[in-house]
Structures are given as structure tokens and as C-alpha cells.
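Trainee: Sequence first, then the predicted structure, then my questions.
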Amino acid sequence: MPGIFGAVSLRRRPLPHLPFDDVAAALRTCPALETTRIAAADGGAVLGAVDLRRLQGSGTVARAPDGSIAVVHGAAEPLGADAAAAALTRYRRDPDSLTTLTGSFTIALWDAPARTLVLVNDRFGLRNLYYTVADGLVCFAPLVHAVAKLAGAAPSLNQAAMADLLAFEHALGDETLLADVRALPPATIARFGLHGADLSRYWRPRYVPMPERHAGALADELARRLAGAVEQALDGGAVALPTSGGLDSRALLAVTPPGVPCVTYGIPGCDDVELAARLAATAGAPHHTIPLEPGFIARDAAALVEATDGMHLGLNVHALRLREAAAWCDAVLLGNGGDCILDCLWWWRDEPASEDDFVARMYERINIGVKPAVARRLLAPPLVEQLTSGARERLRRRLALYAGATAADVADAYNAGERHWRWVLQGVPAQATHVEYRQPFYDYDVVDLAQRVPVALRRGRLLHVEMIRRRAPALARIRQQGGGHLVASPLARRWRGRWKRARRAANSWWERDGVPAAQRLDGFADYDFELRGPSRGLIDDVVLADSTLGRGWWQPDGLRAVAADHLAGRANHGRVLGAVATLELWARNVLGEETKGDVEWAARCEAR
């Protein structure tokens, strides 16, 4: 896993012997990755990086005359080719100047005279970084288990993060599955010194929509800014565009010069593969397909969980398969971010009656995993409490950090400020062992415009649609996944939304005695069908394994019943079973194959 790693002693003594070689070897999971390391003269700090070395300045280390050292991973503009040395120079002139950098990066800097470690990242946390602090020692790395290995501490389970992962498919805030390890939040400069730790958020998104204006003018401005971000991303090395039948990659394709190859992953015959091929042909771009063969989830889930430390749902193995794009390019141009900064997370058209109502609706909105009703039959009692009232209170505290004039503006600020970081972005580096990644929707100029877009144009990504219609009409004429065509009229979109809701309600009625046996082809994969058929081994060998049932996290009879309902086609519980498998695969890596106990085990582990 590419990124920066290291450890510092905040006291005036050298570091103890730490397993830097083992950690570097564990992070270097691909021969293309290079390792660099630098140590302070007094032995009080070691900083390093594992890097593909395909971005200017990424993976560089430097030493200053005063003994300070630094390491940079990613593209930190405008530091240039000697990024680590430039970071040291900037820091000496003005420590806060590191917060004015743009791009996608993490930086570690050891201020030797002040015996202070500085960690800083970009606005959106696009490069993973985790850390722990204990007894005057600070350890950090791009993977949770690597941090724990450096620190040498016995793993202690974070029950709250487990419950959040089950409910939301991501942990809230800076939590990880280990109680003593934290994620560095986006837009953060962290200082660790003799007098403690000081973490400061230097930027938070805030939506302040401009007065209503013609959508065309905003769409043209979005196209101009997005084209500029794509042009910058194409500078240096061969780049490919992962393309689906949706809006985000289509919007990028609309502003990408002809000839940039497109690549699509998906099950044979699915909409994404078929539509992406049509889009690429229309744009005059070569197209490559990465097929997701039957059994792909069972085959790759363990590798994904290991690559993301359980911070990303183990079903999403397509994040790994993009590694295969290395056959055609050095970097991929990802569309994620468009469905965050230019979408509306708030489903409702009215304002909440109170703060409690706002939190309750937001819990309902992002509770895409284990629902409370399922949790009561599936989870051990301590986790049921954490998933219901505990998770709701934690979500309340996170939402309170964001401001806006309307519920939609607050919800979207939260989505852009941290939810997308935990839910989506922490899975992105899984492919970065083989190809670099660039994300034009997170270009700062694009984001600054997005924060001024009226909610009516964010809802349903209407501005995406208008931009594609104006910039590339031929791409707009190709349907989306599931058969929907791009419609820009608010009235037409409202009626289409009502039709979709009616269709879902009808499907629910018809499926009351079971779910369709046929595989869905309206996306890139059908997780429910896959787990019921070719990837059933993930349920038999992981979800229902003796080690899983004996951990004390689940009610064994309830888990068996949920799995049986899914396998018999009485209900779709694919994402629920996927979350269970994710936690079990993570536990086998970190806690061991056999961690036994009764239903109170998790509570006792947390108490320790």
C-alpha cells in the first residue's frame, strides 16, 4: 500500500528498535513500488515512503541543516520535483503555509529543534494516513495494522467503529477498528510535541448557493473548470479513464481529449460494460474491459480487506481489479467525487422539524448496511446498542461540525467533508499498488464552484446532465444504467423519480414471497446474486465459519437464519453478509483465526 510511514520519539532519546523493515516490506505489495527512508541524526525519528514514483515529487525525502527531515507522498502543488525539501523550506518560513498546498498528498515533517512531528494532508484526505500515540512515541502509516505493528501494542477492538461499519459501511469520524489507532481527517494539520497533540482542520466545505440562475451558464463554467482539472491530470505519463454507464465518468469523458483510453470493469453482459463501450466509441476512444468472472467476490474479498484494513466493504473488489489497468496506463482518471460534491444527500424536499428529526433522517439516509430490525436478530446485545442509539449519537456529533442555511446544505457539507472520505475514498488506494490515481472532481476550483450550486441543480446531479448535454450531445443521447435517459427538465426528472419509486414499491410487493432468481445487469455487478451463487463460498467458509460464530459478536442462530434467507432467495441480505464477512476477514488478519467468547466478549474487549 503506497503512502508515508514512520515513528518519532517526542522525548530526548532515540527511538527503540522498531520493525521498520517488516513494515516497509508489508506495504510494498508490488515490485513496482519503491521504498525510501530517512532517519534523524540523533535517532529520534525515522520517516519513509512506499511509492510508485509516477507523480512529480512523490516519495521524496529531505534533510534540513538544523536536522529536521521530511517525506512527501502524492502531488502537493506547487512543491515540485524536490517536494520534501520544498516542504521543509516552506515550513521554516511559515508553518501554516503547508495548509495552502493543493492536490492529493500526505506530508510528514520532523521539526528537530522543537521535537515536533507535523502531519498534513489535502482537503479531502485522498491519501490514507493512520497514527497512534503512546508513551512519547508517535507511529504512522497508510494501513492500520502497520501502525499497530510499529507501535508494538496488542490490538484492542473498537466496538463503536464495528457498529458504524455494519450500519453505514464505514466508520464515523477518525475511528478505526482498533481503539488506539486513528485516521488523519481530511484538511488536517496535526502537531505532536512534548506538550501533547494538536489537530486542526484548516478547511471545511460549506455550501452557500448562489441565487438561482440559468443552469446553462453554470454548466458551462463547470465544464471549463473540469476540463482544466482533466488537462492537469493528463500531464505526465499515460492515463486511462475508468468508464461506466453513469454520470461521473461520462462527464469526465465529455471534457477529455479524444484518444484517452477507457477501461470498464463488470460482469459479462452488464449495462456498464455495454454502455461504456458505446460511450468510448462515440468519443473516439479505445476501450478495454476488465471482466468480473463468476466467483470474483469470494476470490478477492480477503485481498481487498487486507489492502484496506477492513475500512472498506469486502464486496467492493472492483477496487482491486483496476490494478489491471496498469497494462494500458500509468494512472487512472477517477470519477468519484462527482457523486459527492455535486449531488444532494438530503432526500427530502422539506426542512426537518428539529435537530432530532434531522439526525433521525440522516441516520435513515446513510444506514445502507445492517438495519436496526436486522441488527436485533443478528448482533450480540452490546453491538445492537452501539448500532442504534450509539451510532445515532455519534452521527449527531459529526453533523454538528458542519454549517449551512438548509438541511440539504448541511448534509452535503458533511458528505463532502468526511462521509465520502470514509465510505469511498479509503478504498481507492487498493488499486494504487499498480497504478496512480487522479480525481478531477476534487480539483479545488471545481469544488469551490460546487459549493455555490443551488440545491435544485445538485439534486439528481442535474448540473452533470446539463453539462453533458451542452458539451457532448452525442454522449447525452446514450442511456444510463437501468434504461434511464438523461433528462434535464426538472419537471420531467420529478415524474421520472415518482415512476422509479412506484416501480420499487411494486417490486417490493411482488417480491414479498422471494426475490428474482435472475442476475441483475443494470450495474457492473449483482452482489446478491453473486453471493447466492458463484461466490457462495464467502458465506459458507467465512460468514458461517466456526471462528465467526464463536467471536461473540453475533447471535449464531440469527446469523444462520439471515444467511439461510439469503441463500434460499427469501430476501436479499448481500450487503449485510458482506459486512459480516469483512469484519471476520479483518479479525483473522489482526486478532487471529480463533478468538472465542460469549456474547459479552466485545464489551469486555472494549472495557480493556
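Mentor: In hand now; what should we look at?

Trainee: from here on, contacts and neighbour counts on C-alpha atoms
Mentor: OK.

Trainee: contacting residues for residue 152?
Mentor: For residue 152, no residue meets the contact criterion (Cα atoms under 8 Å, 6 or more residues apart in numbering).

Trainee: Test for you: state the pLDDT assigned to it.
Mentor: Note for residue 152: predicted pLDDT of 91.

Trainee: do the same with residue 515
Mentor: Note for residue 515: predicted pLDDT of 85.

Trainee: One more: residue 508?
Mentor: 52.

Trainee: ok, now residue 489?
Mentor: Taking residue 489 on its own, its pLDDT is 58.

Trainee: Also the one 4 residues further on?
Mentor: With respect to pLDDT, residue 493 scores 58.

Trainee: And the helices in the stretch 301-450 of the chain?
Mentor: 318-321, 338-341, 355-366, 372-378, 381-385, 391-399, 407-414, 420-423, 444-450 (DSSP state H, counting those that start in this stretch).

Trainee: looking at those, which is closest to residue 433?
Mentor: Of all the helices of the stretch 301-450 of the chain, it is helix 318-321 that lies closest to residue 433, at 9.3 Å by Cα to Cα.

Trainee: just checking, what packs against that closest one?
Mentor: Where contact means 3 or more Cα pairs under 8 Å, 6 or more residues apart in numbering; DSSP states H and E, helix 318-321 is packed against helix 296-308.

Trainee: Please put the alpha-carbon coordinates of the helix it packs on into CSV.
Mentor: Output in CSV follows, covering the C-alpha atoms of helix 296-308 (Å, rounded to 0.1, in the frame of the first residue of the first chain):
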residue,chain,number,x,y,z
PHE,A,296,-14.9,-12.8,-8.2
ILE,A,297,-16.1,-11.7,-4.7
ALA,A,298,-15.2,-15.0,-3.0
ARG,A,299,-11.8,-15.0,-4.8
ASP,A,300,-10.8,-11.4,-4.0
ALA,A,301,-12.6,-10.3,-0.8
ALA,A,302,-9.8,-11.4,1.5
ALA,A,303,-7.2,-9.5,-0.5
LEU,A,304,-9.4,-6.3,-0.5
VAL,A,305,-10.0,-6.5,3.3
GLU,A,306,-6.2,-6.9,3.8
ALA,A,307,-5.5,-4.0,1.5
THR,A,308,-7.9,-1.6,3.3
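
Trainee: For that helix, give me every contacting residue.
Mentor: With contact meaning Cα under 8 Å, 6+ apart, helix 296-308 is reached by 1, 143, 311-317, 319-320, 426-427, 429-430, 530-531, 534-538, 582, 585-586, 589.

Trainee: Buried among the residues you listed? Need that as a selection in PyMOL.
Mentor: Per 16 or more other Cα atoms under 10 Å, the buried members of these correspond to this PyMOL selection:
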select buried, resi 1+143+311+312+313+314+315+316+317+319+320+426+427+429+430+530+531+534+535+536+537+538+582+585+586+589
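
Trainee: What's the local residue count around residue 276?
Mentor: Using other Cα atoms under 10 Å, residue 276 has 28 neighbouring residues.

Trainee: isn't it right next to residue 247, touching?
Mentor: No. Residue 276 is not in contact with residue 247 according to Cα atoms under 8 Å; the separation is 11.1 Å.

Trainee: shared neighbours, these two?
Mentor: Both residue 276 and residue 247 lack any common contact, where contact means Cα under 8 Å, 6+ apart.

Trainee: follow-up on the earlier one: of all the helices of the stretch 301-450 of the chain, which one is nearest residue 45?
Mentor: Closest to residue 45 of these is helix 420-423 (Cα to Cα; 29.0 Å).

Trainee: Distance from the chain centre to the closest one, please.
Mentor: Centroid displacement of helix 420-423 relative to its chain, using Cα atoms, centre = their mean, to the nearest Å, is 4 Å.

Trainee: likewise stretch 530-549?
Mentor: From the chain centre to the centre of stretch 530-549 is a distance of 25 Å (Cα atoms, centre = their mean).

Trainee: Kindly provide the whole-number mean pLDDT of that stretch.
Mentor: On average, the pLDDT along stretch 530-549 is 97.

Trainee: How about residues contacting that stretch?
Mentor: Residues outside stretch 530-549 that contact it (Cα under 8 Å, 6+ apart) are 294-299, 555-556, 559-560, 563, 566-567, 569, 574, 577, 580-581, 584-585, 593-596.
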